[in-house]
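Undergrad: fold the following, please.
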Amino acid sequence: MPTNVTPEYKKAEEAYRKAREPKERLECLREMFRTIPKHKGTEHLQADIKTRIKQLSEELSGPKKGGRRSGPALVVRPEGAAQLSLIGPPNAGKSSLHARLTGSHSDVGPYPYTTHYPLPGMLPYEDIHFQLVDLPPVSADFMEPWFVNALQPADGALLVIDVADPECLEQVPVILERLAEKKIFLRPEWPGLAEPGEQDETEDPFRLDLPTVLIANKSDLDPDPEEVEVLEELLGLRFPALTVSSKTGDGLDQLGSFLFRALEIVRVYTKTPGKKADTDRPFTVRRGGTVLDVAGLVHKDIAESLKFARMWGTDVFDGQQVGPDHLVADGDLVELHQ
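TA: Numbers count the residues shown, from 1 in each chain. Next comes the predicted model:
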């Protein structure tokens, strides 16, 4: 961060870092540009902010065709317990994998670049869903100009490779390099895994570190279980890895449980005073989430006027009254009182 920035700018930058909704991020960028001191030391950052405002504004409007906006939006609004982006080289089987996991109608073909726009789909896991977004492939020759903004709402990435293709040894470093050029870094550390690695300290507001799992696809063509370990050793990678086949379905049942554990998802059920509890559709927060966080998911007005809650679940007796800052645990039932 440049020196001599104002408290207003710092507040806007912090809001940008936390924002997940594309429109919210655009508002934060505009506030960052409004409040950043206009002097020589901030010229580079000013230019970066202006470029991102322009790109995100265009992408929220959708792609152009014949001078008019048409087609799907290029930024996907997050839904479900978390948003995960599928990243990979051409012909790695991303679209087939996405279709198998979510039931989406992805364009699938034996030729590269069948995916042209972000395609969202929902992966069911127990009583929640994860949003998987299939993105166009990345290669040495091409990466969509809007690719970076499409990754901004993501909570993590699925790096999909064709484990039977020897060229993946060359493709993976290219993807990592192309993303790093745009300040996107795929990292092996996940919040819920036992041994987190060291995080790079940075003041760059536009750096994005994405927890990543390596998806070794097409295991039906190369069933050697040690292949992935050898591959990661040759590439010098430390990503957690899942070996799967989008054709046969082998290994796909591992993904939901991995994401639930790695992202530290906490399911919280709610009830209205005097009524039966809703145990079919939980709200989801992360470990460390509070009653107030849950109230905000129900409705922002409830969060603003929340006085206390009654809880049933972990570390409380049935119906115990707790404050807005009380930590919730997976499976808790919360009754909100305004």
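Undergrad: distance check, the residue lying closest to residue 251 once chain neighbours are set aside against residue 324.
TA: Nearest residue to residue 251 in three dimensions, chain neighbours excluded: residue 244, at 3.6 Å (Cβ to Cβ, 6 or more residues apart in numbering). Backbone N, C-alpha and C define where each C-beta goes, glycine included. Going from residue 244 to residue 324 by Cβ to Cβ, to the nearest Å gives 42 Å.
Undergrad: more neighbours: which of the two?
TA: residue 244 (26 against 16; other Cβ atoms under 10 Å).
Undergrad: contacts for stretch 134-143?
TA: 85-92, 94-95, 98, 104, 106, 112-113, 115-121, 144, 147, 150-151, 171, 174-175, 178-179 (Cβ atoms under 8 Å, 6 or more residues apart in numbering).
Undergrad: quick one: contacts for the residue nearest to residue 251?
TA: 97, 215, 216, 217, 219, 250, 251, 252, 254, 255.
Undergrad: doesn't residue 215 lie inside a strand?
TA: Yes. Assessed by DSSP: H, G, I helix; E, B strand; the rest coil, residue 215 belongs to a strand.
Undergrad: distance of it from residue 261?
TA: Taken as Cβ to Cβ, the span from residue 215 to residue 261 is 16 Å.
Undergrad: look at the two and report which has more neighbours.
TA: For residue 215 versus residue 261, neighbours defined as other Cβ under 10 Å are more numerous around residue 215 (29 against 13).
Undergrad: chain neighbours aside, what residue packs nearest to that one?
TA: Residue 215's closest residue in space is residue 160 (Cβ to Cβ, 6+ apart), at 4.5 Å.
Undergrad: what pLDDT is listed against residue 150?
TA: Model confidence at residue 150, expressed as pLDDT, equals 89.
Undergrad: I meant residue 142, not that one.
TA: Note for residue 142: predicted pLDDT of 89.
Undergrad: quickly find the element holding it.
TA: Residue 142 belongs to no helix or strand when elements are defined using DSSP states H and E.
Undergrad: what count of nearby residues applies to it?
TA: 14.
Undergrad: next one: residue 6
TA: 11.
Undergrad: then the one 5 residues further on?
TA: For residue 11, the count of nearby residues is 14 (other Cβ under 10 Å).
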